[in-house]
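J.: Provided below are the primary sequence and the corresponding predicted coordinates.
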Amino acid sequence: MRANKFANIILISGILYFVSLLIYGCYRIAYYGSNKYYLLIVIVSSAGIIVCAFALKLRQNYKINLVLMGLSALIGVYLVEIFLFWKMPLSFDNRSLFNQAQKMGVAFDTRTKGQILKELENKGVKAVPVIKTDEKTIYPLGGISSITTVHCNESGEWIIYDSDEHGFNNPKGVFANENTNILLVGDSFTHGNCVHRTENIAGQLQAMSGMKAINIGIQGNGPLKELASLKEYGEPLKPKYIFWLYYEENDLSELASEKRSPILLKYLLDDRFSQGLVNKQSEIDSLLIKRLHEEMRTGGFWVEMLNNVKSIFKFRQLRNRLTLFNSPPQPSSLFRKILEQARNITTSWNGRLYFVYLPTWERYATHVKHNTFYHRQEVLSIINSLNIPIIDIHNEVFATHPDPLSLFPFRLLAHYNAEGYRLVSQAIYQHLQQEMVK
C-alpha cells in the first residue's frame with residue numbers, strides 16, 4: 001500500500017510539474033514566437049501529462065514499476081548533467097573555454113572576476129565589474145565613470161580597462177573633444193568583449209581610418225537601449241558615420257525585455273524625450289555604486305551555489321551539447337520603429353546610419369538554413385525597406401572565410417577573438433572608404 005501511495009504522489013506531482021511546464025512553454029511561444037526549443041518543451045510536457053495520467057489508472061504493480069523506471073531514468077540524466085558540470089572547473093562564463101584551452105595547450109588565467117577585483121583592491125586600485133541598473137527615477141545607459149573596470153576572459157587573459165567620463169570603454173576625454181567622425185552603437189560586441197581596447201571594433205576603426213571613433217556599446221544592450229544611447233550620447237556629438245551593430249542571437253530577445261521599461265519606451269514614443277544623462281554622471285555613478293554594494297551584500301558563496309543548482313536543474317550542460325539554443329522572437333513592428341527613428345535622428349544632422357549584421361557561432365557550428373536562421377531574412381528585409389545601408393558580416397567575413405570557427409576563442413561559443421574583430425573592422429572600414437569617396 002505504501003509503495004502504491006508513493007507512486008500516486010509521484011505521478012500526481014509529475015502531472016502538476018508538466019502542466020506548469022506546458023503553461024511556461026505556451027507563454028514563451030506566445031510572447032517570443034515559435035522556435036524548436038519552446039516547441040520541444042510543449043511536446044515533452046504534453047507527453048508527460050498523458051503518460052502520468054495514463055499510469056495512474058494502471059494496476060498497482062505496473063504503476064510502481066513504471067514510476068521506478070521513470071525515476072531511475074531521471075536520476076541517470078541528472079547524474080550525466082552533474083558529471084558534465086563537474087568537468088568544467090571555472091565560472092559559467094569560461095568553463096568550456098578553459099577546458100578547450102587545456103586540450104590545446106594554451107595558458108588560461110583561472111582566477112575568477114571576484115579574485116581579480118580583490119587582488120586589485122589589495123594593491124590599492126579601486127576597481128569594479130561592469131554593472132547596470134534600471135532605477136525608476138533614472139535609467140543609466142553607461143557605466144561608472146573614470147574607473148578601472150574588470151571586464152571578461154574568453155581567450156585566457158582577463159580584460160581590464162579604465163572607463164571614460166561616461167563609463168564606456170573608450171580612452172578618457174573622448175567626449176570632451178569635438179569632431180567625432182565615427183560612433184558605434186550596440187551590445188557586448190561593440191563594448192569589446194573580450195579583447196583589448198586596441199583590438200575592439202572602435203579601436204581598430206580609429207587606427208585604420210585615422211578618424212575619431214567613440215564606442216557607446218554596453219554588454220546586454222538591445223535595440224531600445226541602443227536607441228536611447230544614440231539619443232543621449234550620440235546626438236550631442238552629431239557624428240558623421242553611425243554604425244548600429246546588430247547581434248542576431250539575442251538583440252530581439254533583449255528588446256522583448258526592454259519594452260517593459262516605461263523610461264526606455266519614452267525614447268521611442270516621444271521624439272524630444274531625454275534624461276539628460278550627459279549632465280548626470282555623478283548621479284549615475286552613485287546609483288551604480290549603490291547597486292554594486294547591494295549585489296556584493298547579497299552575493300557570495302550561497303548565491304553562486306544557488307546559480308549552480310539552477311543550472312543543473314535546467315540541464316544547461318546537456319542542452320548546450322544538444323544545441324538546444326533558444327531562438328529569439330520574430331522581428332516586430334517595434335523593432336522597425338526603433339531603426340526608423342534611429343535613421344531619422346542621424347539624418348537630422350546629416351549623419352549616415354549603417355546597420356552591421358553580426359552572426360553568431362551557432363551559424364557555423366551547426367547545420368542551419370542561413371536565410372531563416374535567427375530570422376535573418378526578415379531582419380534584413382526590414383532594414384532594406386528603411387533604406388538603411390547594410391554591412392552583412394556573415395556574407396562579407398564569415399561565409400567566405402575558410403575556417404569561420406577559428407574566429408571564435410578556442411572555436412567555441414563566445415564573442416569573436418582578436419582576429420575575428422579585426423576582420424569585422426576591416427569589412428566596416430571598406431564601406432567607410434566607399435562612403436568617403438562619394
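T.: That came through, no problem.
J.: every contact and neighbour count from this point should use C-alpha atoms.
T.: OK.
J.: okay, and the helix or strand of the chain with the least pLDDT?
T.: In the chain, no helix or strand scores lower on mean pLDDT, DSSP states H and E than helix 301-313, which sits at a mean of 62.
J.: just the buried residues of the helix ranked longest in the chain, please?
T.: Counting by DSSP state H, the longest helix found in the chain is helix 2-32. For helix 2-32, the neighbour count (16 or more other CA atoms under 10 Å) marks 4, 7-8, 10-12, 14-15, 18-19, 21-22, 24-26, 28-29, 32 as buried.
J.: quick one: the strands in the stretch 1-150 of the chain?
T.: Ranges of strands in the stretch 1-150 of the chain, per DSSP state E, counting those that start in this stretch, are 127-129, 148-150.
J.: which residues are contacting the first one?
T.: By CA atoms under 8 Å, 6 or more residues apart in numbering, the residues outside strand 127-129 that reach it are Lys113, Leu117, Leu120, Glu121, Ile147, Thr148, Thr149, Val150, His151.
J.: could I get these as JSON lines with pLDDT, distance to Gln60 and neighbour count?
T.: Below are the contacts of strand 127-129 laid out as JSON lines (pLDDT from 0 to 100; distance: CA to CA, whole Å; neighbours: other CA atoms under 10 Å):
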{"residue": "Lys113", "pLDDT": "87", "distance to Gln60": "54", "neighbour count": "17"}
{"residue": "Leu117", "pLDDT": "92", "distance to Gln60": "59", "neighbour count": "19"}
{"residue": "Leu120", "pLDDT": "95", "distance to Gln60": "64", "neighbour count": "16"}
{"residue": "Glu121", "pLDDT": "94", "distance to Gln60": "64", "neighbour count": "13"}
{"residue": "Ile147", "pLDDT": "97", "distance to Gln60": "67", "neighbour count": "19"}
{"residue": "Thr148", "pLDDT": "97", "distance to Gln60": "66", "neighbour count": "20"}
{"residue": "Thr149", "pLDDT": "97", "distance to Gln60": "62", "neighbour count": "24"}
{"residue": "Val150", "pLDDT": "96", "distance to Gln60": "60", "neighbour count": "20"}
{"residue": "His151", "pLDDT": "96", "distance to Gln60": "58", "neighbour count": "20"}
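J.: who does Ala127 bridge with?
T.: Thr148 (DSSP bridges).
J.: of all the strands of the stretch 1-150 of the chain, which one is nearest Ala207?
T.: Taking CA to CA, strand 148-150 is the member of the strands of the stretch 1-150 of the chain nearest to Ala207, at 23.0 Å.
J.: how about the one residue sitting closest to the centre of the chain, what does it touch?
T.: The centroid of the chain falls nearest to Gly220 when counting by CA atoms, centre = their mean (5.1 Å). Gly220 makes contact with Asp187, Ser188, Glu254 under the criterion CA under 8 Å, 6+ apart.
J.: 10 Å instead, please
T.: By CA atoms under 10 Å, 6 or more residues apart in numbering, the contact set of Gly220 is Lys132, Gly186, Asp187, Ser188, Phe189, His191, Asn250, Asp251, Glu254.
J.: and which of these is nearest to Pro331?
T.: Nearest to Pro331 among the contacts of Gly220 is Asp251, at 9.7 Å by CA to CA.
J.: among the contacts of Gly220, which are in strands?
T.: Per DSSP state E, strands hold no members of those.
J.: for Leu353, state which of these is nearest.
T.: Nearest to Leu353 out of these is Gly186 (CA to CA; 12.9 Å).
J.: gap between that closest one and Ala47?
T.: Noted for Gly186: a distance of 41 Å to Ala47, by CA to CA, to the nearest Å.
J.: who's more crowded, these two?
T.: Between Gly186 and Ala47, counting by other CA atoms under 10 Å, Gly186 is the more crowded of the two (28 against 14).
J.: quick one on the thing from earlier: in a markdown table, list the strands of the stretch 1-150 of the chain along with distance to Asn65.
T.: Shown next, in a markdown table, are those (distance: least, CA to CA, whole Å):
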| stretch | distance to Asn65 |
| --- | --- |
| strand 127-129 | 52 |
| strand 148-150 | 54 |
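J.: stretch 105-114: end-to-end distance?
T.: 25 Å.
J.: what separates that stretch from the chain centre, distance-wise?
T.: Relative to its chain's centre, stretch 105-114 lies at 22 Å (CA atoms, centre = their mean, to the nearest Å).
J.: got the buried residues for that stretch?
T.: For stretch 105-114, burial by neighbour count (16+ other CA under 10 Å) applies to Phe108, Thr110, Thr112, Lys113.
J.: try stretch 137-146
T.: Ile138, Tyr139, Pro140, Leu141, Gly142, Gly143, Ile144, Ser145, Ser146.
J.: of the contacts of strand 127-129, which is the nearest to Lys238?
T.: Using CA to CA, the shortest approach to Lys238 within those belongs to Ile147, at 26.2 Å.
J.: contacting residues around the closest one?
T.: Val125, Lys126, Ala127, Val128, Pro129, Tyr161, Asp162, Ser163, Asp164, Glu165, Gly167, Lys172.
J.: can you give me the helices for the stretch 151-300 of the chain?
T.: Ranges of helices in the stretch 151-300 of the chain, per DSSP state H, counting those that start in this stretch, are 188-191, 201-209, 223-229, 251-258, 262-269, 281-298.
J.: pick the most buried one from those.
T.: Comparing those by mean neighbour count (mean count of other CA atoms under 10 Å), helix 223-229 ranks first with a mean of 26.
J.: sec struct for Ile391, please.
T.: Secondary structure state of Ile391, per DSSP: H, G, I helix; E, B strand; the rest coil, is strand.
J.: count the neighbours of it for me.
T.: 21.
J.: can you count the residues close to the closest residue to it other than its chain neighbours?
T.: Nearest residue to Ile391 in three dimensions, chain neighbours excluded: Val356, at 4.7 Å (CA to CA, 6 or more residues apart in numbering). The local packing of Val356 (other CA under 10 Å) involves 22 other residues.
J.: same check on Arg363?
T.: The local packing of Arg363 (other CA under 10 Å) involves 20 other residues.
J.: next helix or strand past the helix or strand harbouring it?
T.: Using DSSP states H and E, Arg363 sits within helix 362-365. Using DSSP H and E, the helix or strand that follows helix 362-365 towards the C-terminus is helix 376-385.
J.: where does this structure have low pLDDT?
T.: Applying pLDDT under 70 to the chain flags the ranges 1, 28, 31-37, 84-93, 297-327, 438.
J.: pop the domain breakdown of it in here.
T.: 2-87, 113-298+329-436 (automatic domain parsing).
J.: end to end, how far does the last one reach?
T.: One end of domain 113-298+329-436 sits 42 Å from the other (CA to CA).
J.: now the helix holding Arg363 - C-alpha only, CSV.
T.: The C-alpha trace of helix 362-365 is given here as CSV (Å, rounded to 0.1, in the frame of the first residue of the first chain):
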residue,chain,number,x,y,z
GLU,A,362,25.9,28.6,-33.9
ARG,A,363,25.5,29.6,-37.6
TYR,A,364,28.8,27.9,-38.3
ALA,A,365,28.9,25.2,-35.7
